[in-house]
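Novice: only geometry, no sequence info:
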Ligand SMILES: Nc1ncnc2c1ncn2[C@@H]1O[C@H](COP(=O)(O)OP(=O)(O)OP(=O)(O)O)[C@@H](O)[C@H]1O
């Protein structure tokens, strides 16, 4: 990233001269930043004026004036909000360009070689979080997402286009702190305003990468690298698939891409981008990034366990249970469960009503037959079939009634019979006993209520029809033991996908029978005169609204390697018309059968065109940590190349071992304490999932900078320092355990300690068997 060292300090070799050059360049940028702030203040004053003016117009009561006022207030409010939120770290880049030489494509650097004889800088552009124009409408700052800003990220010495110098400006608030330059045309000896172009290198990227981590991710807008920028600006259509090892910036790139898409086509994407994250922890870690990019509230970031409204998955399945719940064998089970839920305990076994002096009775067998006919082929959601259930019950009762009457032969008056039938339907259909029966026999089912009966192993055994082994059946039913009759109780991210499946199979429950009287209906009598078309439209509107809430224009999937087939189905339902960005790393997959997950993804994407990218540089781990992690990668995913670590700290991971298992806790605490003293930011201790409680107790009282995590919870997160305790325990958690251990070992930005007990078989240096080179 930095310029070659012989030009880092300009032409002088003296340190003092280098410092004065740097100070001069900082002063140049400070001047520009001051201009930008003056302009922003003018804009702020304008926005406030409009706001006040708009308020004064409110006294003019005509509808036109009010509408105009609302529009003005809205615009001014937006403007103020954006200006206020984007004042921090506002300006971060600059490019100095030669004059255009031949055609350019969308502002991207032309491939045409430039005339080396003309070293003059013809144009200078500043890049920031938001575009700002001066009073003459000239660009003071260009929005980082604008095509004109692309060369800032895309130009390299090999493919410089028009860029001769690329500068990263570090600032805090209104003060410029430093600049870092890349000279992209060393062959040119470029000239700016008749003076040789100054090149300053102060290691801004390395400073960024090395700085302390907090509990939220920062944006990388000032230091997006070329291969990352290519992904961020990739066309939206079809599916953009991005792979890359740990720390290559997949999550960061995915979030910046959301901001880019909004900039490109705000109307299409506003409110319509969904980012799916593997855990709630990762959601809270990343959710500050988009607001920092000025995109507050436009993008929904949700954990895969919280994709269904009203459900927060807050517990984890064991790997064996996860494997069953995630597999596509659950599709058939859920279909049968949705029907079987009608037979919940307490469902009435017979219907008895009296009509025209007769007692009519439908027994269990008759009711079973009727239910089978109502359900038919199963294409219609169960809850929507209640009106059909009512009709078939009335048909059956009517047939019973007819049977009690003497036959009148062919001369039966059809019209008379028709009228009788209508009266019968009205009489029975409104009868309180009949209605109570119908509500109990065809209850409004919620997904949770339909899941609850599966606590019963015998029922699951009946419904799976041999597709699960006895052991799997037992495990599955046992995982729902704690649910009550309404399905209340803790749920996992795998349950969420099953509940979503059930939601589709059941449909929204019918409205309550005795609906609240609508005051407007009472006043207008409108309900009396609604037509079938009106009613259809209402249903259609309601469905459309629901669809609008859950369907997105673009779906971004983070850590896609972990999604199960059932989760792919769930996400696919929210993306029927969507374009996709999917980022992941198969070598970090905690899903046991990556091939099955891959097939599920392919099925979800269907015929959409795929665009593939690979990110190759690890910005998180220093080389010393990456090197140790790569020993596990070689076992977890033989043949997969680790990404190149971009920096090295000279500090090697520590290996600590204890002779007895019960010494692990105190040693872990001591290590976390030591690391808290060594780094300014966060320290995470990662343990096997079933030791999370223990680990929390080990570090209790050490303050908010220390965090205890189960192996699966560490996904996507990062800490200044990490302690990975019980590595063989993590590796042994499931068939994917080695990949999960690889994830754990790649969370640290500065320090890593591996803590082993006797079961890890450490050698004399404390290096556990799994981590020996
Ligand atoms: N161009 C960049 N400039 C500065 N920091 C960067 C850049 N790219 C990535 N980073 C930083 O590197 C770290 C890793 O990024 P990120 O979490 O997006 O990687 P990832 O590929 O999603 O990792 P994992 O697969 O392990 O979850 C973050 O701290 C991120 O801010």
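Specialist: It's in. Every value quoted in this text rests on a predicted model; they were computed, and no experiment measured them.

Novice: This structure against the ligand: which residues are in contact?
Specialist: By Cβ under 6 Å from any ligand atom, the residues of the chain that approach the ligand are 208-209, 218, 220, 223-225, 228, 244, 246-252, 585, 588, 619-620, 716, 718, 746. Heads up, the C-betas are built off the backbone N, CA and C, glycines and all.

Novice: Pull the distance from the longest helix anywhere in the chain to the chain's centre.
Specialist: Counting residues, the longest helix in the chain under DSSP state H turns out to be helix 15-57. Put simply, helix 15-57 sits 35 Å off its chain's centre (Cα atoms, centre = their mean, to the nearest Å).

Novice: Apart from its chain neighbours, what residue comes closest to residue 680?
Specialist: residue 212 (3.9 Å; Cβ to Cβ, 6 or more residues apart in numbering).

Novice: and the gap between the one you found and the ligand?
Specialist: For residue 212, the distance to the ligand equals 11 Å [Cβ to the nearest ligand atom, to the nearest Å].

Novice: dump the residue contacts of that residue.
Specialist: Going by Cβ atoms under 8 Å, 6 or more residues apart in numbering, residue 212 touches 679-682, 720.

Novice: Spell out the secondary structure type for residue 227.
Specialist: Recorded secondary structure, residue 227: helix (DSSP: H, G, I helix; E, B strand; the rest coil).

Novice: returning to what we had before: show me which of the contacts of residue 212 are buried.
Specialist: For those, a burial check counting by 16 or more other Cβ atoms under 10 Å picks out 679, 681-682, 720.

Novice: Okay, and the beta partners of the most centrally placed residue in the chain?
Specialist: A centroid search over the chain (Cα atoms, centre = their mean) returns residue 276, at 2.1 Å, as the residue closest to the centre. Bridge pairing for residue 276 (DSSP bridges) gives the partners residue 302, residue 557.

Novice: Residue 170 against residue 205, yeah?
Specialist: No: in this structure, residue 170 is not within contact of residue 205 by Cβ atoms under 8 Å, at 10.3 Å.

Novice: overlap in contacts of those two?
Specialist: Joint contacts of residue 170 and residue 205 (Cβ under 8 Å, 6+ apart) are residue 180.

Novice: Identify the residues contacting residue 437.
Specialist: 348, 351.

Novice: What are the buried residues along the helix or strand harbouring it?
Specialist: In the assignment (DSSP states H and E), residue 437 maps to helix 432-441. Residues of helix 432-441 classed as buried by neighbour count (16+ other Cβ under 10 Å): 434, 437-438, 441.

Novice: Kindly reformat those residues as TSV containing pLDDT and distance to residue 758.
Specialist: Shown next, in TSV, are the buried residues of helix 432-441 (pLDDT from 0 to 100; distance: Cβ to Cβ, whole Å):
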residue	pLDDT	distance to residue 758
434	92	71
437	94	66
438	94	65
441	94	61
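
Novice: residues near residue 40, how many?
Specialist: 19 (other Cβ atoms under 10 Å).

Novice: And it, how close does it get to residue 294?
Specialist: In this view, residue 40 and residue 294 are 13 Å apart by Cβ to Cβ, to the nearest Å.

Novice: Could you give the number of residues near the residue of the stretch 651-773 of the chain found nearest the ligand?
Specialist: Evaluated by Cβ to the nearest ligand atom, the stretch 651-773 of the chain has residue 716 as its residue closest to the ligand, separated by 4.1 Å. Residue 716 has 23 neighbours, counted by other Cβ under 10 Å.

Novice: again with residue 659
Specialist: Residue 659: 8 neighbours (other Cβ under 10 Å).

Novice: part of a strand, is it?
Specialist: No: counting by three-state DSSP, residue 659 is not part of a strand but coil.

Novice: my guess is it meets residue 758, correct?
Specialist: Yes: contact criterion Cβ under 8 Å: residue 659 and residue 758 qualify, at 6.4 Å.

Novice: on that earlier part again, need the max-distance pair from the contacts of residue 212.
Specialist: Between any two of the contacts of residue 212, the greatest separation by Cβ to Cβ is 9.2 Å, found for 680 and 682.

Novice: Report the separation between residue 462 and the ligand.
Specialist: From residue 462 to the ligand the distance is 42 Å (Cβ to the nearest ligand atom).

Novice: Is that residue located within a helix, as I assumed?
Specialist: Yes: under three-state DSSP, residue 462 falls within a helix.

Novice: give me every residue that touches the residue of the stretch 351-500 of the chain found nearest the ligand.
Specialist: Residue nearest to the ligand within the stretch 351-500 of the chain (Cβ to the nearest ligand atom): residue 493, separated by 17.0 Å. Contacts of residue 493 were listed using Cβ under 8 Å, 6+ apart, and they are 278-279, 303-305, 313, 316, 567.

Novice: most neighbours, which of those?
Specialist: residue 567 (29 neighbours).

Novice: Do me a favour and average the pLDDT over the helix or strand hosting it.
Specialist: Following DSSP H and E, the helix or strand that holds residue 567 is helix 565-573. Helix 565-573 carries an average pLDDT of 96.

Novice: same deal with stretch 348-366?
Specialist: Mean predicted confidence for stretch 348-366 is 90.

Novice: Which residues does it contact?
Specialist: Residues contacting stretch 348-366 (Cβ under 8 Å, 6+ apart): 367, 370, 393, 396-397, 400-401, 404, 424, 427-428, 431, 433-434, 437, 440-441.

Novice: 7 Å instead?
Specialist: 367, 393, 396-397, 400-401, 404, 424, 427-428, 431, 433-434, 437, 440-441 (Cβ atoms under 7 Å, 6 or more residues apart in numbering).

Novice: Return the item of those residues having minimum pLDDT.
Specialist: Lowest confidence among the contacts of stretch 348-366: residue 404, with 80.

Novice: looking at the protein, which helix or strand does the model trust least?
Specialist: Sorting the helices and strands of the chain by mean pLDDT, DSSP states H and E puts helix 519-524 at the bottom, at a mean of 32.

Novice: For stretch 167-176, buried residues please.
Specialist: 167-171, 176.

Novice: can you check stretch 461-468 too?
Specialist: So for stretch 461-468, counting by 16+ other Cβ under 10 Å, buried means 461, 463-464, 468.

Novice: do stretch 639-658 as well
Specialist: Residues of stretch 639-658 classed as buried by neighbour count (16+ other Cβ under 10 Å): 642-643, 645-647, 653-658.

Novice: hmm, who's touching the helix holding residue 567?
Specialist: Against helix 565-573 from outside (Cβ under 7 Å, 6+ apart): 276, 304, 307, 325-328, 330, 494, 497-498, 500-501, 504, 555, 557, 596-597, 600-601, 604.

Novice: Now list the buried members of the residues you listed.
Specialist: By 16+ other Cβ under 10 Å, these give 276, 304, 307, 325-327, 330, 494, 497-498, 500-501, 555, 557, 596-597, 600-601, 604 as buried.

Novice: before we move on, the earlier item: turn the buried residues of stretch 461-468 into JSON lines, including pLDDT.
Specialist: Formatted as JSON lines, the buried residues of stretch 461-468 follow (pLDDT from 0 to 100):
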{"residue": "461", "pLDDT": "95"}
{"residue": "463", "pLDDT": "95"}
{"residue": "464", "pLDDT": "91"}
{"residue": "468", "pLDDT": "94"}
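
Novice: low-scoring pLDDT stretches of the stretch 201-350 of the chain, where are they?
Specialist: 202-204, 271, 296-297 (pLDDT under 70).

Novice: show me where it has strands.
Specialist: Along the stretch 201-350 of the chain, the stretches classed as strands by DSSP state E, counting those that start in this stretch are 239-244, 273-277, 299-303.

Novice: Pick the most deeply packed of those.
Specialist: When you average the neighbours per residue for each of those (mean count of other Cβ atoms under 10 Å), strand 273-277 leads with a mean of 25.
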